[in-house]
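> here is a sequence together with a model predicted from it:
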Amino acid sequence: MSPTSSTSQHRNARARRDRAGRKYKPERIDLLLVAEAPPTALDRYFYFEYVQQQDSLFRYVCRAVLKKEPTRTNKSAQLAELRDHGVFLIDLQQEPHDSTPLATLVRRLVSRCRRLSPFRIILIKVNVFDAAYEPLRQAGLPVVNVRVPFPGSGQQAKFMRQMQKALKAEVA
């Protein structure tokens, strides 16, 4: 694949992610979840309605927030339910993970969070928390002081425990 077609493919994937996210963006964001980055597989994303495998972030967010077991056949209904509960997810890094240090992306994240004006923010993945918690707090944003791991690689039970703790915690 030529570099031009690869760039075009990534640009198209980002536009598709943006459209999918806008479809499920609540009018008022009560809970903003900030994850690290979209998956490197261009056919997978939290807001894509048809993801056949490796959709653990979506599945565990549904379990934690909606208290429902997600299925692959009704993801659009569950995404709508998250939206109706005021839940929205963004990524610190807007492109699939690369070698860019997360700390260099935090200033833009602070601006994005201000524009979204959420009632509370939960950071998902320890490295996201470590890079973004203090700058978000210092910016006066309602960030929760709980490290929530990504629900993969054996961290699913810990994700559920920490997510429940974060959902009940007061904001900084």
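Now that the structure is in, tell me what you want to look at.
> how far away is K25 from C62?
Per CB to CB, to the nearest Å, K25 is found 17 Å from C62. C-beta coordinates here come from the backbone N, C-alpha and C atoms, glycine included.
> the more surrounded of the two?
C62 (21 against 13; other CB atoms under 10 Å).
> local confidence estimate at the more buried one?
Per-residue confidence (pLDDT) for C62: 96.
> A helix includes it, no?
Yes. Under DSSP: H, G, I helix; E, B strand; the rest coil, C62 falls within a helix.
> ok, residues contacting the strand or helix carrying N12?
Assigned by DSSP states H and E, N12 belongs to helix 3-23. Residues outside helix 3-23 that contact it (CB atoms under 8 Å, 6 or more residues apart in numbering): 1, 38, 42, 45-49, 79, 88-90, 94-95.
> from the contact counts, what lies against whatever helix or strand comes next after it?
Toward the C-terminal end, the helix or strand that comes next after helix 3-23 (DSSP H and E) is strand 31-35. Applying 3 or more CB pairs under 8 Å, 6 or more residues apart in numbering; DSSP states H and E, we find strand 31-35 packed against strand 87-91, helix 106-116, strand 120-123, helix 126-138.
> roughly how far is strand 31-35 from the heart of the chain?
5 Å (CA atoms, centre = their mean, to the nearest Å).
> note down every partner strand of it and its orientation.
As defined by DSSP bridges, the strand partners of strand 31-35 come to strand 87-91 (parallel), strand 120-123 (parallel).
> how many degrees apart are it and helix 106-116 in direction?
Per axes from the mean of the first three to the mean of the last three CA atoms, to 10 degrees, the angle that strand 31-35 makes with helix 106-116 is 160 degrees.
> what mean pLDDT does strand 31-35 have?
On average, strand 31-35 scores 98.
> can you give the contact residues for that strand?
Here strand 31-35 makes contact (CB under 8 Å, 6+ apart) with 46, 57, 61, 65, 85-92, 109, 113, 116, 118-125, 128, 132, 150, 167.
> residue ranges with poor pLDDT in this structure?
For the chain, applying pLDDT under 70 flags the ranges 1-6, 172.
> report the separation between K125 and D84.
Distance, K125 to D84, by CB to CB: 26 Å.
> okay, these two: which has more neighbours?
Set side by side, K125 and D84 show more neighbours around K125, with 23 against 11, by other CB under 10 Å.
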